[in-house]
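**Q** Below is the sequence, then the predicted model.
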Amino acid sequence: MRNYDLEFLKKFSMVIGLLVVITLGLIALAAYLQRAIPDEVSPTAAKRVQQRTAPAGAVYAGTTGASAQAAAQAAALAKAASQSAYGGSTDGKTIFDNLCTACHTTGVGKAPTLDHSHWDARIAQGKDTLYKHAIEGYTGPDGGIMPAKGGNPALTEEQVRATVDWMLGNLK
């Protein structure tokens with residue numbers, strides 16, 4: 001080998017060695033930073049943790065406590081109203097047209113249609129029984145199925161009663 005080849009190999013080896021040292025330094029820095037920076041918490045996980053650790057109740061004392069309790073009850077009522085189906089409407093026709101019509105106009109699941117002959121035996125049991133079956137659900141002796149609240153648990157009992165009343169008033 002010639003002299004200038006040896007010089008090149010020496011300098012090339014030093015450059016490669018320097019690059020290896022820089023690479024190892026960057027790997028060590030990245031590992032340190034990975035451990036030093038906390039993991040990002042997803043918003044859904046944070047919300048679930050907050051819901052699980054929320055207090056089960058509250059303490060209201062004195063006059064300020066009474067007003068805070070009244071505000072909490074009003075907020076709970078507003079939340080409940082916003083979660084009820086059809087905006088809390090007790091219009092039986094609206095609820096029937098949007099929910100009940102699927103089964104009670106076609107007879108699916110042996111559901112009685114709005115024909116008076118289908119309802120005579122049921123009416124003889126009384127309105128309270130009809131309300132109970134509509135609210136709690138019912139499986140008849142003939143295999144007919146009525147899901148609780150028509151399959152929509154967001155309905156209130158008042159909405160179910162109003163819909164049953166509307167159906168009874170519109171039998172043919």
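**A** Everything's here; your move. Numbering: from 1, shown residues only.
**Q** could you pull out the strands for the protein?
**A** Counting by DSSP state E, the chain has strands at residues 138-139, 145-146.
**Q** Worst mean pLDDT across the helices and strands of this structure, which element?
**A** One helix or strand of the chain scores below all others by mean pLDDT, DSSP states H and E: helix 62-83, with a mean of 76.
**Q** Residues touching it, excluding its own?
**A** If you take CB atoms under 8 Å, 6 or more residues apart in numbering as the criterion, helix 62-83 is touched by Ala58, Val59, Tyr60, Gly88, Ala154. (Glycine included, C-beta is placed from N, CA and C.)
**Q** nearest to Pro38, of the strands of the chain?
**A** strand 145-146 (52.9 Å; CB to CB).
**Q** Now do the closest one: which elements does it pack against?
**A** Packing partners of strand 145-146 (3 or more CB pairs under 8 Å, 6 or more residues apart in numbering; DSSP states H and E): strand 138-139.
**Q** Given the strand it packs on, what are its sheet partners and their directions?
**A** strand 145-146 (antiparallel) (DSSP bridges).
**Q** Could I get the average pLDDT for the longest helix belonging to the chain?
**A** As assigned by DSSP state H, the longest helix anywhere in the chain is helix 3-36. Helix 3-36 shows a mean pLDDT of 93.
**Q** Report the buried residues of that helix.
**A** Within helix 3-36, no residue counts as buried by 16 or more other CB atoms under 10 Å.
**Q** rewinding a little: adding neighbour count, distance to Met146 and pLDDT, write the contacts of helix 62-83 out as JSON lines.
**A** Shown next, in JSON lines, are these (neighbours: other CB atoms under 10 Å; distance: CB to CB, whole Å; pLDDT from 0 to 100):
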{"residue": "Ala58", "neighbour count": "9", "distance to Met146": "39", "pLDDT": "71"}
{"residue": "Val59", "neighbour count": "8", "distance to Met146": "43", "pLDDT": "72"}
{"residue": "Tyr60", "neighbour count": "15", "distance to Met146": "42", "pLDDT": "69"}
{"residue": "Gly88", "neighbour count": "15", "distance to Met146": "23", "pLDDT": "72"}
{"residue": "Ala154", "neighbour count": "11", "distance to Met146": "17", "pLDDT": "83"}
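**Q** Let's have these in TSV, adding distance to Leu168.
**A** Converted to TSV, the contacts of helix 62-83 look like this (distance: CB to CB, whole Å):
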residue	distance to Leu168
Ala58	43
Val59	48
Tyr60	44
Gly88	22
Ala154	23
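**Q** Narrow those residues to those in helices?
**A** Going by DSSP H, the helices hold none of these.
**Q** ok, so of the residues you listed, who is nearest Thr129?
**A** Ala154 (23.5 Å).
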